[in-house]
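S.K.: sequence? don't have it. structure:
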């Protein structure tokens, strides 16, 4: 959800300053940020299989390396790769969203709302539309409906430009924040409700820059964690195994040992691998001068 919100805000900013959105630059920035670490992490399993420590079917590698792991049959999902379904959904969504934003300016919001509505109908019906496939596939991970939270974030970015919403947060922002936080922690089985609650918190932070919550999130240690968050996402799954279940005794390590190694790997990969590659991003931005270099931080 957060990525849809932030990326759409960046698209609005580029449109405001340049009058258009460069699809080539968008896709190049996205590729430089996401692809290198992702494919690096995927190389661990083939190496372990080569030395005989694990044995995976060829379909596992096929779905992982083609960014379609969210559509993989259950027997083709390796636990250390299983979290990558969400990254696959993101990549599918962002293949189309900048194009829709650019070419359907007046209708982009309507299209996004309709997309969320379709996803909501699918999930509210217990994925009955996909019932013939539910035994073999994780149908809740398919791009429809799994991309709905990202689309909700995009809608949130549109709403932030609404003066009436800004006034509402100015007057009763604390109440909205409290209700949103309650909805997030309350144990109810409604993913869309939780998604809207997270959006409420996100908009509050965006519009209320001087609020205590915003200042807490800007605390340097938390901001640093945000800097390495992509690496944490990647390595906690690869090395932590996404839970306690282990298909093979040799890999991944026991859960807590794996998570400790994941933190070390996240720090190392950011400074030694990700950051040098991210320096290339300034070649693919509409910003100039010091602003251009800010995209690598």
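M.R.: Done, it's in. Keep in mind that what you see is a predicted model, and the values were worked out from it rather than measured.
S.K.: rest of the way, CA atoms for contacts and neighbours
M.R.: Fine.
S.K.: shaky segments in this protein?
M.R.: Counting by pLDDT under 70, the chain shows low-confidence ranges at 126, 288-297.
S.K.: what's the span of stretch 272-282 from first residue to last?
M.R.: Start-to-end span of stretch 272-282 (Cα to Cα, to the nearest Å) is 18 Å.
S.K.: For it, what is the distance to the chain centroid?
M.R.: Chain-centre distance of stretch 272-282: 19 Å, with Cα atoms, centre = their mean, to the nearest Å.
S.K.: for stretch 250-269, same thing?
M.R.: So, by Cα atoms, centre = their mean, the centroid of stretch 250-269 is 21 Å from its chain's centroid.
S.K.: can you count the residues close to the closest residue to residue 250 other than its chain neighbours?
M.R.: Using Cα to Cα, 6 or more residues apart in numbering and skipping residues adjacent in sequence, the residue nearest residue 250 is residue 53, 6.0 Å away. Residue 53: 14 surrounding residues under other Cα atoms under 10 Å.
S.K.: Ok, the one 4 residues further on next?
M.R.: Neighbour count for residue 57, taken as other Cα under 10 Å: 11.
S.K.: For it, give its distance to residue 72.
M.R.: Between residue 57 and residue 72 the computed distance is 12 Å (Cα to Cα).
S.K.: Check which helices and strands the helix or strand containing residue 119 sits against.
M.R.: Assigning secondary structure by DSSP states H and E places residue 119 in helix 108-124. Here helix 108-124 touches helix 143-146, helix 148-159, going by 3 or more Cα pairs under 8 Å, 6 or more residues apart in numbering; DSSP states H and E.
S.K.: So which elements touch the shortest one?
M.R.: Secondary structure elements in contact with helix 143-146, counted by 3+ Cα pairs under 8 Å, 6+ apart, are helix 84-103, helix 108-124.
S.K.: Between those, which one is closest to residue 38.
M.R.: helix 84-103 (8.9 Å; Cα to Cα).
S.K.: and that closest one, how far out from the chain's middle?
M.R.: With Cα atoms, centre = their mean, you get 10 Å for helix 84-103.
S.K.: which of the residues in the helix or strand harbouring residue 201 are buried?
M.R.: Counting by DSSP H and E, the element that carries residue 201 is helix 191-207. Using 16 or more other Cα atoms under 10 Å as the test for burial, helix 191-207 gives 192, 194-205, 207.
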